[in-house]
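Asker: Quick one, what's the 3D model for this:
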Amino acid sequence: FTGHVKLKGVMVMGEDDGTHPAEMRLFKNIPHMSFDDTAREAEQTFSLNRDPVGELEYPTKIARFSSVHHLSMHFPRNFGAETTKIFYIGLKGEWTEAQRHEVPVCTYEAAARPADHRLEHLSPQTRFIS
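Answerer: Numbers count the residues shown, from 1 in each chain. Below is the predicted model of the structure:
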């Protein structure tokens, strides 16, 4: 996502046959996730019902999905077909702009080096009074 999302619900629409997904696993904030990463424990797992019109909403645990900037979805099984077909995935929640704070690069001096701070009008000059 381009900001932070508080994910409140997910809708999945598929065919009314064996190709509809039967299980959905959600993973949050894992950029560049691969199928090898699906062996880890998901943030939340859903058992899905066949929903060819997209009316069913699956509520998420809001405490776990309160600050999502990357969402990965895994559909490990369907209702018995060789392939899984998904027509629509709907996400319900609230988006807020991401506050990205960059780390400033600063140089601090333990002791001032006069050569770095030479000013002409403050150059020491000696004058003798006679």
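
Asker: What sits closest to I30 if chain neighbours are left out?
Answerer: Setting aside the residues directly before and after it, I30 is nearest to S72 in space (CB to CB, 6 or more residues apart in numbering), at 5.9 Å. All C-beta spots, glycine's among them, are computed from the backbone N, C-alpha and C.

Asker: What is the neighbour count of the one you found?
Answerer: The tally of other residues near S72 (other CB atoms under 10 Å) stands at 18.

Asker: What helix or strand is A81 located in?
Answerer: When secondary structure is defined by DSSP states H and E, A81 falls outside every helix and strand.

Asker: Verify the stated contact: it with T19.
Answerer: Yes. Applying CB atoms under 8 Å as the test, A81 and T19 come out as touching, 4.3 Å apart.

Asker: Show me which of these two is the more surrounded one.
Answerer: A count of neighbours by other CB under 10 Å puts T19 above the other of A81 and T19, at 17 against 12.

Asker: Does the more buried one fall in a helix, a strand, or a coil region?
Answerer: Put simply, T19 is coil when judged by DSSP: H, G, I helix; E, B strand; the rest coil.

Asker: which intervals of this structure have sub-threshold pLDDT?
Answerer: Low-confidence segments of the chain, defined by pLDDT under 70, are located at 100-110, 112, 114, 117-130.
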